[in-house]
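1. Okay, here's the prediction I keep looking at, along with the sequence it came from:
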Amino acid sequence: MADAQAPSLPPVLLVGCGKMGGAMLEGWLAEGLAPSVVVDRHRDTLPAPHRLVRDVAELPADFRPGLIVLAMKPQKVAAAIAAIAPFATHAPVLSVLAGRTVGGLTDALRAHMPAGAQPVVIRAMPNTPAAVGEGMTVSYAPPCATAAQRSLCDRVLSAIGQTAWVEREDEIDVVTAISGSGPAYIFLLAELLEQAGVEGGLPPALARQIARQTVSGAGVLMQRSGLDAEQLRRNVTSPNGTTAQALSVLMAPDAWPATLRAAIRAASQRARELAS
């Protein structure tokens, strides 16, 4: 357990504490977070010594965050930029806002900063398993970001799961389609397995248990085994057996191979549209 007297994470200004912001905050608190400020209208309390404010207009002027994290709804960022900008003169900004580019946020912040100021914005795409410390976050840092700023963001994001970096910002669109939206695809699989079990005559509670544990157990096996997903699939597929029969349907050219690729393309395109 993190030593409360020696927090491992710096003070953070977290703007937005919904599902994703809240998931990150829980991970940081467990890791050991220096006294921080959270802006959120809906949260009731924060453990001491952290401070909760309802609006960016209430931000304490003497607060000196080591990192600013934007996790509000993307459409609300414009109204908050002016209040956040003074803090961005001395702290990097980590954005987890879908569809908001580094350039766009940088320009918006610079418009409210002294002439010559250069805010540093790093963009990240986490996913909802962050809520249980099993997230996957992929980030992009512009050339102006220092190694220390990248390292700081990596430390903060590692508190909620695994991290990786891309060298081009446009790669975040594909990341969004795969890992950002990906949990929904897995939940849909569990949902469909459960429905199939009920339709096959299983009691609903049993169908639910089987579906959920099969999906989560397969994920743990894949993570711990170190084997490729293809090899794991082959390991469970006996020639001419039940699995092979099912896979002959799922892997038909017009089934999963085509539909999943189409789904990823659709999600990637939507991410590009939001960013533009």
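-> Okay, I see it. This structure is a prediction, so every number in the text was calculated from the model and none was measured. Numbers count the residues shown, from 1 in each chain.
2. give me the number of residues near the closest residue in space to residue 106 that isn't next to it in sequence?
-> Of all residues beyond its chain neighbours, the one nearest residue 106 is residue 121 (5.0 Å), with distances taken as Cβ to Cβ, 6 or more residues apart in numbering. Placement of C-beta: from N, CA and C, glycine included. For residue 121, the tally of surrounding residues (other Cβ atoms under 10 Å) stands at 26.
3. Also the one 10 residues further on?
-> Other residues near residue 131 number 18, with proximity taken as other Cβ under 10 Å.
4. Confirm it sits in a helix?
-> Yes: under DSSP: H, G, I helix; E, B strand; the rest coil, residue 131 falls within a helix.
5. Phi, psi for residue 117 please.
-> According to degrees, to the nearest 10, the main-chain angles of residue 117 amount to phi -70, psi 140.
6. quick one on the thing from earlier: show me what the residue nearest to residue 106 is bridged to.
-> With beta bridges defined as DSSP bridges, residue 121 has these partners: residue 93.
7. in the helix or strand of the chain with the lowest mean pLDDT, what counts as buried?
-> Least confident helix or strand, the chain: helix 19-31 with a mean of 90, by mean pLDDT, DSSP states H and E. The neighbour-count check on helix 19-31 (16 or more other Cβ atoms under 10 Å) flags 20, 21, 22, 23, 24, 25, 26, 27, 28, 29, 31 as buried.
8. so what does that helix touch, helix or strand wise?
-> Judged by 3 or more Cβ pairs under 8 Å, 6 or more residues apart in numbering; DSSP states H and E, helix 19-31 is in contact with strand 12-15, helix 147-158.
9. Now do the domain split for this structure, please.
-> 12-172, 181-274 (the TED database).
10. how much space is there between residue 262 and residue 177?
-> Distance, residue 262 to residue 177, using Cβ to Cβ, to the nearest Å: 11 Å.
11. circling back: would you check that the residue nearest to residue 106 makes contact with residue 96?
-> No: using Cβ atoms under 8 Å, residue 121 makes no contact with residue 96, being 11.5 Å away.
12. Spit out the contact partners of residue 242.
-> Contact analysis of residue 242 by Cβ atoms under 8 Å, 6 or more residues apart in numbering lists nothing.
13. same deal with residue 210?
-> Going by Cβ under 8 Å, 6+ apart, residue 210 touches 193, 194, 197, 202.
14. Now it: which helix or strand?
-> Using DSSP states H and E, residue 210 sits in helix 204-225.
15. Okay, buried residues for that helix please.
-> Judged by neighbour count (16+ other Cβ under 10 Å), helix 204-225 contains these buried residues: 207, 208, 211, 215, 218.
16. Show me what secondary structure element comes after that helix.
-> helix 229-235.
17. Report the rounded mean pLDDT for that next one.
-> Here helix 229-235 scores 97 as its mean pLDDT.
18. From the contact counts, what lies against it?
-> helix 204-225.
19. coming back round to it: just send the buried residues of helix 204-225 back as CSV, with pLDDT and distance to residue 81 too.
-> Listed next are the buried residues of helix 204-225 as CSV, based on pLDDT from 0 to 100; distance: Cβ to Cβ, whole Å:
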residue, pLDDT, distance to residue 81
207, 98, 48
208, 98, 45
211, 98, 44
215, 98, 40
218, 98, 43
